[in-house]
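Participant: Any chance you could fold what I've pasted below:
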Amino acid sequence: MLEILIATNNLGKVKEIKDILDSPEIKILTMKDFPPLPKIEEDGKTYQENAFKKARKISEYTGKICLADDSGLEIDYLKGKPGIYSSRWGNSDEERINKVLKLLENVPINKRNAKFVCAVVLVFPNGKIYMVKEECKGSITFNPKGEHGFGYDPIFLVPEYDKTFAELGDKIKNQISHRGKAMRKMISIINKIVVSKKIQ
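Facilitator: Numbers count the residues shown, from 1 in each chain. From the prediction side, this is the model:
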């Protein structure tokens, strides 16, 4: 069995990743399984850089295989913002959502296109690195809708369902989301590693 430490303190993200990575081949560890670890400053210029830094640093501190992701919301009208700064656009989900809605006030529906982007990095203590990236396209609603999920989920509308991530619920969201797609790619990589016995 492969032990993988999820390098995040975001409980919503931990739950989502654990649900997606559910496999008899994988034992999930969380940051709560370890003494308090130093906060990792996300100062990269891309999602990949931030995810890699988190995974590498936590792997160095713990000696464990570490999985980290960095994700963000990119809004066309705002020229890709908030992007890698998505989690830093306010002190709470509500504050961040309100900021987006305020900036898009009076912007018509045909100009509210957006996408979620997610980079996932798996770092082994021996230096091996695996990286994947995925995205999910949608648009920004005029008001928050739904009770599920976290972050910007209540204002991210998925056109195929005409519902927000927060309305869809975890099961459907994990099938179509940026993180869900990236994690499934990573699971495929992990399974190949396990089968080929390349883990040292």
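
Participant: So which bits of the helix or strand of the chain with the lowest mean pLDDT are buried?
Facilitator: The helix or strand of the chain with the poorest confidence is helix 11-20; it has a mean of 84 (mean pLDDT, DSSP states H and E). Across helix 11-20, burial judged by 16 or more other CB atoms under 10 Å covers K13, V14, E16, I17, I20. For glycine as for every other residue, the C-beta is placed from the backbone atoms N, C-alpha and C.

Participant: On the three-state scheme, the residue lying farthest from the centre of the chain is what?
Facilitator: Distance from the centre of the chain peaks at N106, with 29.1 Å (CA atoms, centre = their mean). Following DSSP: H, G, I helix; E, B strand; the rest coil, we place N106 in the coil state.

Participant: Quick check: phi and psi on it?
Facilitator: Torsion angles at N106 (phi, psi; degrees, to the nearest 10) stand at phi 70, psi 10.

Participant: any idea how far it lies from N98?
Facilitator: 15 Å (CB to CB, to the nearest Å).

Participant: returning to what we had before: per-residue pLDDT, the residue farthest from the centre of the chain?
Facilitator: pLDDT, N106: 95.

Participant: residues touching it, list them.
Facilitator: With contact set as CB atoms under 8 Å, 6 or more residues apart in numbering, N106 has no partners.

Participant: Next one: it from T164, what distance?
Facilitator: N106 sits 20 Å away from T164, going by CB to CB.

Participant: ditto for S177
Facilitator: 12 Å.
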